[in-house]
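> Pasting the sequence and the predicted model now:
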Amino acid sequence: MTSDRNGDHKPVTASRSRRTKRPPTASEQLEELLGYPWPFPGRPPKHDLSSWTVTDDWPDPIPVTEAEIEVFERWFGDLFDELFGPDIGSPDAGTEIDLENGTK
């Protein structure tokens with residue numbers, strides 16, 4: 001006769017009877033409701049890009065508010081300066097331009 005290592009001689013079935021039954025998974029619940037397994041058997045449909053259409057219903061020109069422009073200038077101002085050069089007419093540039101006479 002062999003002895004248990006921890007000295008506990010409880011029958012093996014006692015621990016199994018204490019387990020609670022697990023709740024059914026979402027797939028099992030759907031199968032019960034629908035009457036057939038979920039996900040559906042078989043291969044998933046392939047993505048046929050030739051049947052896709054792209055619709056552009058934006059107005060021309062696209063309306064942009066001053067607040068939107070300010071947000072982009074604040075977040076991407078350094079990038080814009082690097083790509084397009086600094087805005088020399090900007091009040092932040094330090095040089096003022098007289099718009100009536102065109103002089104600095």
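Perfect, thanks for sending it.

> all contacts plus neighbour counts: C-alpha atoms, from now on.
Noted.

> so residue 31 is in which element?
helix 26-34 (DSSP states H and E).

> One more: residue 81?
Using DSSP H and E, residue 81 falls within helix 66-84.

> Now do that helix: everything it contacts.
Residues outside helix 66-84 that contact it (C-alpha atoms under 8 Å, 6 or more residues apart in numbering): 86, 87.

> Same check on stretch 32-39?
Contacts of stretch 32-39 with the rest of the structure, by C-alpha under 8 Å, 6+ apart, involve 27, 28, 30, 31.

> Leaving out sequence neighbours, find the closest residue to the last one.
Translated: residue 31. What sits nearest to residue 31 in space, not counting adjacent residues and going by C-alpha to C-alpha, 6 or more residues apart in numbering, is residue 37, at 4.7 Å.

> Now do the one you found against residue 59, distance only.
Distance, residue 37 to residue 59, by C-alpha to C-alpha, to the nearest Å: 47 Å.

> higher neighbour count, those two?
More crowded of residue 37 and residue 59, by other C-alpha atoms under 10 Å: residue 37, with 14 against 7.

> State the mean pLDDT of stretch 86-98.
For stretch 86-98, mean pLDDT rounds to 62.

> next one: stretch 53-71
Mean predicted confidence for stretch 53-71 is 89.

> pLDDT score for residue 103?
pLDDT, residue 103: 59.

> Kindly report the same for residue 32.
We have a pLDDT of 89 for residue 32.
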